[in-house]
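Colleague: sequence plus predicted model, see below.
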Amino acid sequence: MADDEDFAPRLGRQGASRGPKARRYASSVVAAANLARGAGPGRKGRAGFSGHRYGRGAGIGRLLSVGTSNAFFRRRRVIVKARLVRLGGKGGNQAVDHLRYLQRDGTNRAGERSALYGPGEDHADGKAFLEKGNGDRHQFRFIVAPEDGDRYEDLKPLVRRLMMQMEEDLGTRLEWVAVDHYNTGHPHSHILLRGVDQDGDNLVIARDYIGRGLRERAAELVELDLGPRSDREILVSRRAEITQDRFTSIDRSLLRIADGHVVKPVALDPLEHDLQASRLGRLVRMGLAEPLPTGRYRLDPDLETVLRAMGERGDIIRTMQREFSRLLLERSSADRLIYDPAEAGTPPLIGRILMHGLAGELEDRHFLLIDGIDGRSHYVPVGKGDTGDLLPPSQAEGDSSQPGGAVVAIRPREAVVREVDRTIAAIAAGNGGRYDREAHRLHDPGARSDYVEAHVRRLEALARAGDIPGRSGDGSWVIAPDHFGRVAAFERRQLRIQPVMIEMLSPVGVADLATAHAATWLDRTLLDGDPPQLRNAGFGRDMADALARRRQWLVEEGLAEQGEGEIRYRRDLLAVLRRRELLRVAGQLSRELALPFAETVEGEKLEGIYRRRVDLISGRFAVLERSRDFALVPWRSVLERRVGQSVSGLMREDGVSWSFGRGRGGPTIS
């Protein structure tokens, strides 16, 4: 190039920059950047360059994430949990349920309902906030929990200053509401933020700002209010860990200096040495450490796992004590049990829901308190994610209705290879390692379309989780030789997310079932030849009383006959009672929809617009609106993605075989 004006660009082949060589070059650039700033291999704990700078707040997020390690122990610590929630489909309804749950009873300092507030008002309108964001693509949810939150008389000023700082960092006005909770040992605030900026465009926040920047901003504000932690505060906090039955920072330091589970306090700081020695003495008394000669100790190989489990159990016991006190229920300690689905031989649990709550609001882990038929109360961990579809509205929102609570059956999940997986593998083995619908029909000519589609849905779930490749260009699925191992790994992850299965037996309490004109869970229990064992205490006593009243009611209604010491029930008992309830509810819906109700029969072809779900005592039903009438048909969860859309299906004895899509080959769901 002769001078600055002499420039001739060279154009390469189209798409060449996306080849493996270019990817290797890009990786080397990122690696060089990390090494240049001292964040290469072996330098854990230092923030490295990730290349993720997309979104608002990227620059300030990177700046705040560097931090100052030398002042770590004096910093005021704040936990910030962030979650992005898609509002399409069921997300809108879940947003309503979530807001109701946040404003439930027993969350403010007086044990009453917490008030929603905003930037300038102490009583915000949550319904108006959700309606304004009805068309938003997503919503941000934050939990801000200062370690010293109990020193604040009111968290509102802190939250408002934090959101003002966030507006400055992101360069846009924000629309938000918040609610403060004081029902745990650590006061914290829930913040709902609309996913749009001041211009109405989608609000995209940089990963670095959400992951670290916002937490640092909150810590700065708390430190301005309370000042850095003093030597005395640090000492009191560390000494309190010596006797705690949970995994502590002292335990973490012991594991860090341990050599093959053998450790000796060697801290240069006398205070740290004394903390380690005192903690080791406590671990010896707990049976988690063994003293050795020359001042050494052998730590239990499962030290961290055991201590974390003990801490979680302690949290559960405190939660049960707090909630039973709030519900004004008397239960002896022997009648308060923790349901452990991971324990071998754990039996199913049947009982009414006393309450539904979050075991860890920061981790989104849910729990149920169940009053069992064994007369005992059980704490049941139900895992992560939304449980609204599994529970009636009042229970899903966190409200407790005590004796009138919904009745459920809880069963442990099992991480096993299912029969559907074995069928897929068998078909693929005879089809060159591939599975598709045609191969399935050749393998089993008598297979119903809904049965085939169940196998496709299983493969789609495995593909979404990344355990198998997606569908090939010809519509088939490549089934690897280690397919069962991949399925087992998928099931183990699902087990950690949701350890139990919840079956709704009745959306209302047993007292209301005794005289209900509906096919109730009590009727199915009476018809069962092996009824459950009931204890004459708590819910067991209530259920026994309801069963006796139900038998008498069925006799009075002519649906059963009593004679010679036994009761004989009509064969069509459930069908008659189900029809009674459907006709009653259909009359109400008919006035609402301005359409007549039409009953369905087995073998009838169904076609119409799916409007919504209705929860009845007899079960869950879908409202199917047709051109001249509407029908109530058995509901399936797959329909919720089709609200307001046309669906078709075939009425069968065991439910509806639904068809979605156009033309031949459209998916069929049963």
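Modeller: It's in.

Colleague: low pLDDT regions in the stretch 1-150 of the chain?
Modeller: When the per-residue scores of the stretch 1-150 of the chain are filtered using pLDDT under 70, the ranges that remain are 1-53, 67-74, 88-93, 105.

Colleague: where's residue 222 relative to residue 234, distance?
Modeller: With distances defined as C-beta to C-beta, to the nearest Å, the gap from residue 222 to residue 234 amounts to 15 Å. C-beta here means a position set from N, CA and C on the backbone, and glycine is covered the same way.

Colleague: counting neighbours around each, name which of those two comes out higher.
Modeller: Between residue 222 and residue 234, counting by other C-beta atoms under 10 Å, residue 222 is the more crowded of the two (23 against 14).

Colleague: care to break this protein down by domain?
Modeller: Under the assignment named as automatic domain parsing, the residue ranges that make up the domains of the chain are 26-39+48-226, 232-301, 333-415, 419-497, 575-669.

Colleague: now the fourth one: mean pLDDT?
Modeller: In other words, domain 419-497. Within the predicted structure, the mean pLDDT of domain 419-497 is 88.

Colleague: and what of the last one?
Modeller: Averaged across domain 575-669, pLDDT comes to 84.

Colleague: count the residues that sit near residue 489.
Modeller: Should you count by other C-beta under 10 Å, residue 489 turns out to have 15 residues around it.

Colleague: and the host helix or strand of it, how far from the chain's centre?
Modeller: Assigning secondary structure by DSSP states H and E places residue 489 in helix 483-497. The offset between the C-alpha centroid of helix 483-497 and the centroid of the whole chain comes to 18 Å, using C-alpha atoms, centre = their mean, to the nearest Å.

Colleague: restricting to C-alpha, output the following helix or strand past it in PDB.
Modeller: From helix 483-497 onward toward the C-terminus, using DSSP H and E, the following helix or strand is strand 500-506. What follows is strand 500-506 as a C-alpha-only set of coordinates in PDB (Å, rounded to 0.1, in the frame of the first residue of the first chain):
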ATOM      1  CA  VAL A 500     -42.600 -36.100  42.900                       C
ATOM      2  CA  MET A 501     -45.700 -36.500  40.900                       C
ATOM      3  CA  ILE A 502     -48.900 -34.700  42.000                       C
ATOM      4  CA  GLU A 503     -52.300 -36.100  41.100                       C
ATOM      5  CA  MET A 504     -55.300 -34.000  41.800                       C
ATOM      6  CA  LEU A 505     -58.000 -36.200  43.500                       C
ATOM      7  CA  SER A 506     -60.400 -33.400  44.400                       C
END
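
Colleague: strand 500-506: which residues count as buried?
Modeller: 500-502, 504-506 (16 or more other C-beta atoms under 10 Å).

Colleague: likewise for stretch 292-304?
Modeller: For stretch 292-304, a neighbour-count test (16+ other C-beta under 10 Å) marks 297, 299-300, 303 as buried.

Colleague: let's see which of those residues end up in strands.
Modeller: Cross-referencing the buried residues of stretch 292-304 against strands under DSSP state E gives 297, 299.

Colleague: so what touches the helix holding residue 489?
Modeller: Contacts with helix 483-497, where a contact means C-beta atoms under 8 Å, 6 or more residues apart in numbering, come from 383-385, 413-418, 421, 424-425, 428, 461-462, 465, 467-468, 480.

Colleague: equivalent analysis for stretch 341-354, please.
Modeller: 323, 327, 329, 339-340, 368-373, 377-378, 380-381, 391, 395, 400, 402-403, 405-413, 499-500, 505, 509-510, 532, 539.

Colleague: which of those are buried?
Modeller: With neighbours counted using 16+ other C-beta under 10 Å, the contacts of stretch 341-354 contain these buried positions: 323, 339, 368-373, 377-378, 380-381, 391, 395, 400, 405-410, 412-413, 499-500, 505, 509-510, 539.

Colleague: out of the residues you listed, list just those in strands.
Modeller: 368-372, 377-378, 380-381, 407-410, 412, 500, 505.

Colleague: for the domains of the chain, state which one has the densest average packing.
Modeller: Each of the domains of the chain was assessed for mean neighbour count using mean count of other C-beta atoms under 10 Å. The highest is domain 333-415, with a mean of 18.

Colleague: end to end on that domain, go ahead and measure it.
Modeller: Terminal residues of domain 333-415 are spaced 32 Å apart (C-alpha to C-alpha, to the nearest Å).

Colleague: distance-wise, check residue 412 relative to residue 603.
Modeller: Residue 412 sits at a distance of 38 Å from residue 603 (criterion: C-beta to C-beta).

Colleague: residue 459 against residue 436, yeah?
Modeller: No. Using C-beta atoms under 8 Å, residue 459 and residue 436 do not qualify as a contacting pair, with a distance of 9.9 Å.

Colleague: circling back to that earlier point, nearest to residue 562, of the domains of the chain?
Modeller: In this view, the domains of the chain are compared for proximity to residue 562 by C-beta to C-beta, and domain 575-669 is the closest at 18.0 Å.

Colleague: and for the top helix by length along the chain, what's in contact with it?
Modeller: What stands out as the longest helix in the chain, according to DSSP state H, is helix 303-327. When contacts are taken as C-beta under 8 Å, 6+ apart, the neighbours of helix 303-327 outside the stretch itself are 105-106, 111, 183, 185, 244-248, 251, 255, 283, 288-289, 300, 330-331, 336, 338, 354-355, 357, 359, 367, 369, 377, 379, 400, 402.

Colleague: mind listing what residue 366 touches?
Modeller: If you count contacts by C-beta under 8 Å, 6+ apart, residue 366 has them with 356-359, 381-385, 387.

Colleague: that one belongs to a strand?
Modeller: Yes. Following the definition DSSP: H, G, I helix; E, B strand; the rest coil, residue 366 is counted among the residues of a strand.

Colleague: where's it relative to residue 303, distance?
Modeller: 28 Å.

Colleague: same question, residue 62
Modeller: Applying C-beta to C-beta to residue 62 and residue 303 gives a distance of 36 Å.

Colleague: for residue 440, give me its contacts.
Modeller: Residue 440 makes contact with 423, 427, 447, 452, 455, according to C-beta under 8 Å, 6+ apart.

Colleague: next one: residue 426
Modeller: Under the criterion of C-beta under 8 Å, 6+ apart, the contact list for residue 426 reads residue 443.

Colleague: off-centre distance for the helix or strand hosting it?
Modeller: Element membership for residue 426 (DSSP H and E) is helix 419-429. For helix 419-429, the separation from the chain centroid amounts to 30 Å (computed by C-alpha atoms, centre = their mean).

Colleague: could you point out which element follows that helix?
Modeller: Once helix 419-429 ends, the next helix or strand along the chain (criterion: DSSP H and E) is strand 434-435.

Colleague: list the strands paired with that following strand, with their directions.
Modeller: Strands that pair with strand 434-435, judged by DSSP bridges, come out as strand 477-478 (antiparallel).

Colleague: outside of the strand it pairs with, which residues touch it?
Modeller: The set of residues external to strand 477-478 that reach it, using C-beta under 8 Å, 6+ apart, is 424, 428, 433-436, 459, 463, 468-469, 471-472.

Colleague: angle of the helix or strand harbouring residue 275 against helix 303-327?
Modeller: The secondary structure element spanning residue 275 is helix 270-285 (assigned by DSSP H and E). What separates the directions of helix 270-285 and helix 303-327 is an angle of 80 degrees, with axes from the mean of the first three to the mean of the last three C-alpha atoms, to 10 degrees.

Colleague: give the pairing partners of the helix or strand following helix 270-285; include direction for each.
Modeller: Scanning the chain past helix 270-285 towards its C-terminal end, the next helix or strand to appear is strand 289-292 (assignment: DSSP H and E). The strands that strand 289-292 pairs with in its sheet are strand 296-299 (antiparallel) (by DSSP bridges).

Colleague: distance from the chain centre to stretch 300-318, please.
Modeller: Computed by C-alpha atoms, centre = their mean, the chain-centroid distance of stretch 300-318 equals 22 Å.

Colleague: state the mean pLDDT of it.
Modeller: If you average the pLDDT over stretch 300-318, you get 87.

Colleague: now do the buried residues in it.
Modeller: For stretch 300-318, burial by neighbour count (16+ other C-beta under 10 Å) applies to 300, 303, 306-307, 310, 312, 316.
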